[in-house]
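**Student:** missing the sequence, but the structure's below:
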């Protein structure tokens, strides 16, 4: 106990030396803690992105990717309107399918390992008079002029309503259709479209000569997404005379880790000149690349900072021990055991390390967010043909802009662990000196 | 034929220490320095013995061997019944704490400790008493060596050379060892202060305390009860001088000690020794 007390007192007997040592060490430890905090924040955000990216893989006929609501961007040949709509019965046009997928294609995909499920869709732009398009905010009145088409999606997976790249559709009234209703004239109607046509749950409307019952109302939170409706896939195929055709399929891998492998298998099975295969994961990964780079940088920074901390304390304690080698000799000459001297220096080292680590931890709070912002550069914006991927991109980009660094109380545990680690490491120096110092030799050179 | 430790211990008689064929050589490049080259001697108990010789003759090495700061290459050394050459580990540490007190030329006080803390340190290391007891004994010792109370809490850097050496003497006395080793204890002091320190050391000798002072100064050697002359690692003379030594009046001290020197330094009480029992057990006593 007296050794500990003596060690504690010694720390405060040389305030200048202790202060300088603590300051230098605090900078190193603080930097390491900042890097740990930032690294954790980046890792968490990347996990968030990964989890939100999900396991879905979108399969479309080759050349149709990007064929969105307004006819899409340029196709591979540079034609700015390469995905010309195909006339369909009634007042609907088929969206962007040069050669639709077939049921046989989907059957092949079903046999690929690690495929957990497939959702099939056909998409039709309806511009008939049975339904009135919802008005758009900020747009001139459509009365007597341009009628914004209503997007009709036939799907066999009403649990995952995807329209305009948005998966986060929420049922606000009623319910979705079930597998028993796969060929029935039932519909889920977007909120603004329902309002524009005075539709509610259990009400009905006419479309292409068929009477549809409204099962549910949904919202996506977007004007385009809510000016749409979903009907069962078979109903849509029959209504628009597209039996056996699929415009796109969303294939679900059984885990995020298998997404890329399944996507590769689909490309290999159906041929890259037949289908375009895109994964949400790849989109998110390309968008989150700066975040990944920053995470790697913070990891390197953390290692460098820890190494610098170790070097600083080893060097400093080495200097101090060398300066105090005579004191070690004196202590041994008057009867201090090796343990006494090592313990005294050990306590001094622990106090210095812990103090520096605590100061470093406190400095982490105001500096970690700035460090995170400095490490994340602006992502280069990938170019999308339009429509489909835009919503997901916007969603992922939003994640990048909001890397909130939360300095948790956990950081003090890290600080403590670093302090103890450094103290143990640094204690090697005085222990080595104590073992090596022969009082007769040290005191002889007086 | 070399004699065993038991024989030497039985021969101790009125001696504090007995050495026989004690040897310590050092390598210095291609050369061998025969610092202590087969010396034999007896240190009479309760006397002040001067180890006189020029610088580099081996005085400090011999003191280091006696103080267990170094190990002899060969030979026997018995101090207060302890076979010093055979000590190791905890025994060596206990011996340094309890059997010898060192007074160095450069004082060798711990710079960041105050005067009183320096004196308390050997007692703390030995695990003696509680803090209050140690402080009281340290203050008494400092008083005895003549350090004014207002300087007890000063660090060595704020004390004069003479004051520092007084603190060093008080520290050497802390655990009441039977042997005080003073290595050129006055070499760094002016003559007046040096003379005072010699008188202080001289007054330490007592019934069961022996003083061995290494010096190159003949005037200091004359103050001793016995003089041993050392040259090139060998002892050349050991002459009893006690009876021939005229009694000299004590020089006037700069500061009046709390106790007259003639009474000797304050001795620890029974409780102090009881608290050191473990250390003594380490030495087999």
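**Tutor:** Received it, and whenever you're ready, just let me know what you need. On a predicted model such as this, the values are computed, not experimentally measured, just so you know.
**Student:** so which bits of chain B are right by chain A?
**Tutor:** By CB under 8 Å from any CB of the partner chain, the residues of chain B that approach chain A are B:60-61, B:64, B:67, B:69-70, B:90, B:93-94, B:96-98, B:102, B:104-106, B:108-113, B:121-122, B:124-126, B:171, B:175. Glycine gets a C-beta too; all of them are placed from N, C-alpha and C.
**Student:** check contacts around residue B:213.
**Tutor:** By CB atoms under 8 Å, 6 or more residues apart in numbering or on different chains, the contact list for residue B:213 reads B:48, B:49, B:50, B:51, B:182, B:185, B:198, B:201, B:220, B:224.
**Student:** now do the strands in the chain.
**Tutor:** Unless you meant another one, I'm taking chain A. Secondary structure of chain A (DSSP state E): strands at A:56-61, A:86-87, A:92-94, A:101-102, A:115-126, A:150-155, A:170-174, A:186-190, A:204-207, A:210-219, A:228-232, A:245-246, A:248-253, A:275-279.
**Student:** that answer is for a different chain, and I need it for chain B
**Tutor:** Shown for chain B, the strands assigned by DSSP E span residues B:15-28, B:31-44, B:48-52, B:74-79, B:82-83, B:100-103, B:179-183, B:210-215, B:226-231, B:234-240.
**Student:** quick one: low-confidence ranges for chain B?
**Tutor:** B:1-14, B:237-285 (pLDDT under 70).
**Student:** what residue of it is the furthest out?
**Tutor:** Outermost residue of chain B with respect to the C-alpha centroid, by CA atoms, centre = their mean, is residue B:30; its distance is 33.7 Å.
**Student:** whatever residue of the stretch 151-285 of chain B ends up closest to chain A: what's its closest spatial neighbour, skipping adjacent residues?
**Tutor:** Relative to chain A, the nearest point of the stretch 151-285 of chain B is residue B:171 (6.9 Å; CB to the nearest CB). Nearest residue to residue B:171, sequence neighbours excluded (CB to CB, 6 or more residues apart in numbering or on different chains): residue B:119, at 4.9 Å.
**Student:** how much space between the one you found and residue A:104?
**Tutor:** Going from residue B:119 to residue A:104 by CB to CB, to the nearest Å gives 99 Å.
**Student:** who has more neighbours, these two?
**Tutor:** residue B:119 (30 against 9; other CB atoms under 10 Å in any protein chain shown).
**Student:** tally up the residues packed near residue B:117, please.
**Tutor:** With neighbours defined by other CB under 10 Å, the count for residue B:117 comes to 23.
**Student:** residues contacting it?
**Tutor:** For residue B:117, the contact set (CB under 8 Å, 6+ apart) comprises B:110, B:138.
**Student:** low-confidence stretches in the stretch 101-250 of chain A?
**Tutor:** Ranges of the stretch 101-250 of chain A meeting pLDDT under 70: A:137-147, A:162-168.
**Student:** give me the nearest residue to residue A:216, chain neighbours excluded.
**Tutor:** Using CB to CB, 6+ apart, the closest residue to residue A:216 is residue A:174 (3.3 Å).
**Student:** need the strands of chain A in TSV (columns: mean neighbour count).
**Tutor:** Shown next, in TSV, are those (neighbours: other CB atoms under 10 Å in any protein chain shown):
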stretch	mean neighbour count
strand A:56-61	24
strand A:86-87	12
strand A:92-94	20
strand A:101-102	19
strand A:115-126	20
strand A:150-155	24
strand A:170-174	14
strand A:186-190	26
strand A:204-207	16
strand A:210-219	19
strand A:228-232	27
strand A:245-246	22
strand A:248-253	24
strand A:275-279	21
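**Student:** residue in the stretch 51-200 of chain A nearest to chain B?
**Tutor:** The stretch 51-200 of chain A approaches chain B most closely through residue A:51 (57.1 Å), counting by CB to the nearest CB.
**Student:** whoops, the stretch 251-400 of chain A was the one
**Tutor:** For the stretch 251-400 of chain A, CB to the nearest CB, closest residue to chain B: residue A:335, 3.1 Å.
**Student:** surely that residue and residue B:124 touch.
**Tutor:** No - in this structure residue A:335 lies outside contact range of residue B:124 using CB atoms under 8 Å: 9.8 Å.
**Student:** neighbour count winner among the two?
**Tutor:** Per other CB under 10 Å, whichever of residue A:335 and residue B:124 has more neighbours is residue A:335, with 29 against 22.
**Student:** contacts only, for the residue of the stretch 1-150 of chain A found nearest chain B.
**Tutor:** Taking CB to the nearest CB, chain B has its nearest neighbour within the stretch 1-150 of chain A at residue A:13, 4.0 Å off. By CB under 8 Å, 6+ apart, the contact set of residue A:13 is B:112, B:113.
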